[in-house]
Structure formats: structure tokens, C-alpha cells
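Novice: one predicted model, sequence on top.
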Amino acid sequence: MGVISIFWGIAALLWTLLALVPLLGWMNWLMIPFAVIGAIIAAIGMASSGPHRRGRATTGLLLNVAAIIVGSMRLGIGGGLI
């Protein structure tokens with residue numbers, strides 16, 4: 001689960017970078033739920049692994065949370081949040 005969450009987080013961050021392009025900000029509405037699913041996968045990976053094997057899942061969780069934060073900030077700046 002940890003490796004999946006890392007790849008999911010990298011995909012979410014790349015999608016976030018694409019959504020930072022002007023006129024593509026609407027993609028954040030799709031990217032944020034994608035990153036939330038990745039964070040859930042990472043949390044499941046952290047819960048199902050031992051204390052010494054949580055590094056990959058923690059990294060995936062941090063990547064997905066970073067994508068969520070950047071996407072939310074972009075929506076807030078661009079007026080996408082109501």
C-alpha cells in the first residue's frame with residue numbers, strides 16, 4: 001500500500017502542477033478528490049503495517065496532503081471556492 005500511495009501522490013502533484021497553468025484551474029476540482037483517495041490509501045497502508053515499515057505510506061500521505069493543500073490554495077486564489 002505504501003508504494004501505491006507514493007505513486008498516487010506523485011501523480012497528484014504532477015496533476016497539481018498542470019492545474020496551476022492559467023485556464024486549467026478547473027482541474028483542481030478533479031485533482032483534490034483524487035489526492036484524498038491517495039491519502040486514504042496511505043492511511044490504510046500506515047494502519048496495516050508495522051511501526052518500522054511505515055515510511056513509504058507516510059511519504060505517500062505527505063505527498064497527497066501537499067497536493068490537497070496546493071490545490072485548495074489555487075482554488076481559493078482563483079475564486080473557485082464558494
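Specialist: Structure's in. What do you need? Residues are numbered from 1 along each chain as shown.

Novice: and the strand or helix carrying L75, what's buried?
Specialist: Per DSSP states H and E: L75 is located in helix 55-77. Across helix 55-77, burial judged by 16 or more other C-beta atoms under 10 Å covers 56-61, 63-65, 67-68, 70-71, 74-75. C-betas here are computed from N, CA, C, even on glycine.

Novice: which of the residues you listed sits closest to F7?
Specialist: Using C-beta to C-beta, G60 is the member of those that lies nearest F7, at 8.0 Å.

Novice: leaving out the residues flanking it, which one is nearest to that closest one?
Specialist: S5 (2.6 Å; C-beta to C-beta, 6 or more residues apart in numbering).

Novice: how far away is that neighbour from L24?
Specialist: To L24, S5 is 25 Å away according to C-beta to C-beta, to the nearest Å.

Novice: need the contact list for the residue nearest the centre of the chain.
Specialist: In the chain, the C-alpha nearest the mean C-alpha coordinate belongs to N64, at 2.4 Å (C-alpha atoms, centre = their mean). Contacts for N64 (C-beta atoms under 8 Å, 6 or more residues apart in numbering) come out as 5, 8-9, 12, 35-36, 38-39, 42.

Novice: out of the residues you listed, which are buried?
Specialist: 5, 8-9, 12, 35, 38-39, 42.

Novice: okay, those residues in CSV with pLDDT and secondary structure next?
Specialist: As requested, these are exported to CSV (pLDDT from 0 to 100; DSSP: H, G, I helix; E, B strand; the rest coil):
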residue, pLDDT, secondary structure
S5, 95, helix
W8, 96, helix
G9, 96, helix
A12, 96, helix
A35, 97, helix
G38, 96, helix
A39, 96, helix
A42, 96, helix
